[in-house]
Each structure stands twice: as structure tokens, then as C-alpha cells.
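Engineer: attaching a predicted model along with its sequence, questions to come.
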Amino acid sequence: KQKPSNKKLPPGSFGFPVIGQSLSFLRALRANNGHQWLEQKVRKFGPVLKLSLFGRPTIFLAGPAANKLVFGNDAFTPHQLTSFTRIMGRRTMREMVGDDHRQIRAAVGQFLKPEVLKMYVNKIDEEVRYHIKMNWTGHQTVTVMPLIKCLTFDVICSLVFGLDRGHTRQALAKEFVDVIAGMWSIPVNLPFTRFNKSLRASRRARRILSEVIQEKRRKLEHGLCPPHADLITCLLSLSQEGCGNEALTEEEIVDNTIFVMVAGHDTTAILITFMIRQLEKDPAIYARVAQEQEEIAQSKAPGEALTWDDLNKMKYTWRVALETLRMIPPVFWSFRKVLKDVEFNGYLIPEGWQVLRTTSMTQMNAEIFPEPHKFDPTRFENQSSVPPYSFIAFGGGSRICPANEFARIETLTAMYYIVAQFRWKLSGKDDSFSRYPLPSPSEGLPIKLEPKGDM
Ligand code: HEM
């Protein structure tokens with residue numbers, strides 16, 4: 001075992017006993033000042049510094065070299081809040097390391113690879129169209145964020161759980177609202193705490209999912225559905241005897257489908273919501289997106305669904321999405337647990353501590369992205385010009401988001417139908433947004449709709 005040569009801890013301060021700097025960090029995130037809060041510390045102590053957050057000694061690291069280290073080294077493993085682990089379950093891929101992680105990730109990856117996702121463009125198209133018809137068409141105002149969250153929930157229900165609209169989907173939707181509400185709560189399990197409510201909802205959601213799994217297992221055994229029908233069926237079929245894969249337990253299937261649901265629901269909803277916000281602020285960018293979408297619409301018969309090839313033509317719209325992710329990454333910060341001593345820039349990162357990394361400190365760095373506060377989708381015209389480990393909205397290394405292609409299909413399909421049918425004006429009193437626990441516009445982004453005409 002190699003020992004670091006230099007045992008110097010980075011400079012910094014642990015703040016108040018026990019609470020450290022947690023309260024002021026959370027306050028800054030809520031006020032959307034998390035980036036400035038960290039910048040201030042970097043100015044004082046340098047780019048590698050120590051602090052204390054959520055009861056743990058922490059090292060803060062930023063920049064491409066630090067990202068490469070954290071994403072590429074097995075000494076760093078995701079570190080969840082206790083509430084998250086208790087609610088999500090012990091066997092999610094997030095909790096696993098080494099071969100266990102690789103096995104579950106490979107199984108989920110079988111479903112999320114482009115060759116399989118291609119088959120689902122039609123299903124996503126159908127969900128988006130239904131959502132717009134029911135919730136947008138005929139309305140003068142809508143509140144974007146809660147609506148788009150319903151849409152991403154429906155898309156995941158359809159593709160991950162294979163659940164069509166109906167009673168079971170509605171029951172799950174109700175439970176998931178409570179499951180998600182408690183994920184970042186204080187883990188005090190007393191009646192009427194948010195954590196307790198969330199734990200109880202998670203148990204009920206698990207019971208519903210166990211029934212769904214049994215039904216799918218039965219269908220699969222009788223050859224009544226294809227092995228890639230949805231994520232659950234895919235995991236069940238990989239686990240069938242004789243296919244060379246080690247069986248996933250039912251607990252692993254339930255925990256991971258719940259986790260995929262949570263990981264894929266808010267993140268994409270945030271991206272779509274902030275794109276809608278940005279397009280209103282920037283008429284020239286809206287016009288270019290609309291032109292790209294109109295060219296595709298002209299090549300299609302009325303009512304014809306989008307195809308994989310159509311999505312691949314939406315190059316400019318996807319650059320707008322990437323630029324939105326650069327400026328407002330849904331995952332702003334994450335912690336890693338340090339499994340063994342590591343040395344970085346001459347400083348010791350000690351075993352047992354946690355590492356905090358934020359996406360913005362790299363993506364808003366003027367040396368990497370000049371004029372970082374300017375919204376400029378042309379930065380992504382030539383993706384190879386973006387230096388490695390600099391655009392990290394989907395993470396990196398062995399933990400990189402396995403569903404960025406899924407997010408692309410869903411985002412482009414939603415934007416296609418929204419832009420084709422509406423113009424809009426922001427109608428809230430307050431244009432600010434917070435970043436805790438995830439980016440969210442104040443008031444949920446109310447907008448006034450102006451219909452352009454039916455598609
Ligand atoms: C715009 C949309 C999305 C963004 C920005 C995003 C971002 C991320 C990031 C940054 C990570 C890595 C976190 C870390 O390293 O600590 C991650 C992991 C993950 N994401 Fe996404 N994600 C998005 C959409 C989705 C969707 C739609 C799904 C599922 C359908 C999904 C499933 C996952 C899973 C399962 C992981 C865990 C991977 C692992 O630990 O090996 N994500 N995502």
C-alpha cells in the first residue's frame with residue numbers, strides 16, 4: 001500500500017464546533033449564492049481547502065485536475081446523506097463499490113444503451129403529446145416546474161416500470177411525492193417528521209413495486225413480453241438462469257428501480273424548466289430553436305411521431321440544453337467518501353473524511369469557458385474543444401450518468417412539442433431561483449402561454 005509522501009493537510013477552517021459551516025453553506029445554496037460562498041473561501045485559502053460540513057471534516061476541491069482525481073480514483077466513493085440511504089434502500093448502485101457496483105450498473109446500462117432507447121422514442125413522444133394536450137393546450141397560464149416533473153415522472157413510469165396510465169401509476173405517483181420530499185431531511189424517525197412520512201411512503205411504494213415485479217416475472221416466464229419491455233423486465237431477464245449473469249435479488253431490483261426513478265425525474269425536469277426560462281429571455285435563441293424544429297415538422301405528416309433520426313437533427317436545440325446544463329447544472333454539488341489516504345497538489349486528503357466537489361466551480365471558470373455568465377450555445381459546436389473534465393454536468397469516470405442519452409431524448413422531444421405549439425412570457429413576480437436541494441425557480445416558473453396553432 002503506497003503512503004502519501006507529504007502529510008500536510010490543506011489550509012482552511014472548521015468553523016463552529018459540531019455544525020461547522022453547514023448552516024452558512026445551506027443558506028448560501030438557498031439564496032443561489034453557493035458558488036460565491038465557495039469562491040470566497042478559495043480566495044482566502046486556495047483551491048484545495050478544508051472545512052466542516054454536515055458533521056464531517058471535508059476537503060473542497062475544484063477544477064479539471066481535481067475532477068479527474070475524484071472521478072477516476074476508487075479511493076473516492078459516493079457519500080449519501082443518511083436520510084437518502086434509509087429511504088432509497090441499501091442495495092442501490094449509489095451505495096455499492098467495486099464489482100457489486102459494476103454488476104448493477106452493467107445491468108441497468110443494458111436498458112439505457114442507445115440501441116435499446118431508440119425503440120422507446122415513440123413511447124416518449126406519446127407521453128409528451130398526451131401531457132401537453134391535457135395540461136398545456138387551452139390554458140392561458142401554467143406553472144412549468146411542477147408540470148414538467150409530472151411529465152418526467154410519467155415517462156419514467158412508462159419506460160422504467162412499464163406502467164401504463166392507470167390506477168397503479170397514480171398510486172405510485174402519490175407515494176413518490178412523499179418519498180422525494182424526505183430524501184434530504186434530518187433523519188429523525190418520529191411520527192409526523194418529514195423523514196418518517198417519507199420512510200412510510202417508500203415502504204408502500206416498495207409493496208406496489210413488488211407486485212409489479214411478480215406480474216412481470218410471470219409474463220416473462222410465459223414469453224408474454226420481450227426482455228427489453230422496460231427496465232424491470234430487463235433486470236429480471238438478465239437475472240434468469242443460464243444467461244451468464246449473476247442473479248439480482250428482488251431487493252436489488254426494487255432499490256435500483258426506485259433510485260433510477262429518483263435520479264431521472266428531477267434532473268431532466270430541471271433542465272427542461274430552465275431551458276424554457278432561458279428561451280423566453282433570449283428571443284434570438286428561441287427563434288433559432290423554433291426554426292430547427294419547424295424544419296423537422298415540415299418533413300413530417302400531421303400527427304406523425306418523432307423518430308430517432310429527427311432527434312439527431314436537433315443539434316442546435318441540444319447545444320442550448322448543454323449550455324443550460326453548464327450554467328445551471330441540476331447536480332450542483334456532491335460528496336465523496338475517502339476510502340484511503342490520497343495526496344493531491346502536495347496536500348493530504350485523509351481516509352475517513354469527505355470530499356466536496358461542485359460542478360459550477362469548473363463550468364463557470366472563465367479560463368475554461370470565457371465570459372462564463374454569457375449564455376452562448378455555440379460553445380458546444382465543437383465538443384472536442386471543451387477540455388476533458390471541464391463539462392461535468394453528467395459527472396465523470398465510473399459513476400458518470402448512465403442515462404445522458406435518455407435525458408437527451410426526453411428533453412428534445414419535450415422542447416419540440418412545446419416550441420412548436422407555444423410562445424410564452426414569464427409571469428412570476430420573482431425571477432430568482434434557489435439551488436437547494438436542487439435548482440428550482442421561485443414560484444415554480446409561472447408563464448403566460450400564447451398558442452401558435454395545433455400540430
Ligand atoms: C439532465 C438530466 C440529468 C443530469 C444532469 C444527470 C446528472 C447526473 C450526475 C452528475 C451523476 C453523477 C453523480 C456523481 O458523480 O456523484 C448522475 C448519476 C446517475 N444518473 Fe443521472 N442525470 C440526468 C438524468 C438521468 C436520468 C434521466 C436517469 C435515469 C433514467 C439518470 C440516472 C442516473 C443514475 C442511475 C446515476 C448513478 C450512476 C452510478 O452511481 O453509477 N440520470 N446523473
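Structural biologist: Structure's in. What do you need? Numbering: from 1, shown residues only.

Engineer: contact residues of the chain facing the ligand?
Structural biologist: Residues of the chain found near the ligand (C-beta under 6 Å from any ligand atom) are 78, 93-94, 105, 260, 263-264, 267-268, 271, 325, 330-331, 334, 393-395, 399, 401-403, 406-407. All C-beta spots, glycine's among them, are computed from the backbone N, C-alpha and C.

Engineer: cutoff 5 Å now
Structural biologist: The chain comes close to the ligand at residues 93, 105, 260, 263-264, 267-268, 271, 330-331, 334, 393-395, 399, 401, 403, 406-407, as judged by C-beta under 5 Å from any ligand atom.

Engineer: ranges for the strands of the stretch 351-455 of the chain?
Structural biologist: Taking DSSP state E, counting those that start in this stretch, the strands of the stretch 351-455 of the chain run over residues 354-358, 422-426, 433-434, 440-441, 446-451.

Engineer: actually the chain, not the one I typed
Structural biologist: 48-53, 56-61, 76-78, 141-143, 333-338, 342-344, 347-349, 354-358, 422-426, 433-434, 440-441, 446-451 (DSSP state E).

Engineer: please verify my assumption that Ile285 contacts Met275.
Structural biologist: No - Ile285 lies out of contact with Met275 (C-beta atoms under 8 Å); the separation is 9.7 Å.

Engineer: just to revisit the earlier point, next, format the strands of the stretch 351-455 of the chain as a markdown table and append mean pLDDT and mean neighbour count.
Structural biologist: Output for the strands of the stretch 351-455 of the chain, formatted as a markdown table (pLDDT from 0 to 100; neighbours: other C-beta atoms under 10 Å):
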| stretch | mean pLDDT | mean neighbour count |
| --- | --- | --- |
| strand 354-358 | 94 | 22 |
| strand 422-426 | 97 | 17 |
| strand 433-434 | 92 | 17 |
| strand 440-441 | 96 | 22 |
| strand 446-451 | 96 | 16 |
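
Engineer: which of those sits closest to Ile124?
Structural biologist: The closest of the strands of the stretch 351-455 of the chain to Ile124 is strand 422-426. By C-beta to C-beta, the value is 19.2 Å.

Engineer: where do the helices sit along the stretch 251-400 of the chain?
Structural biologist: 283-298, 308-313, 315-327, 360-363 (DSSP state H, counting those that start in this stretch).

Engineer: as JSON lines, these with mean pLDDT would be great.
Structural biologist: Below are these laid out as JSON lines (pLDDT from 0 to 100):
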{"stretch": "helix 283-298", "mean pLDDT": "97"}
{"stretch": "helix 308-313", "mean pLDDT": "97"}
{"stretch": "helix 315-327", "mean pLDDT": "98"}
{"stretch": "helix 360-363", "mean pLDDT": "95"}
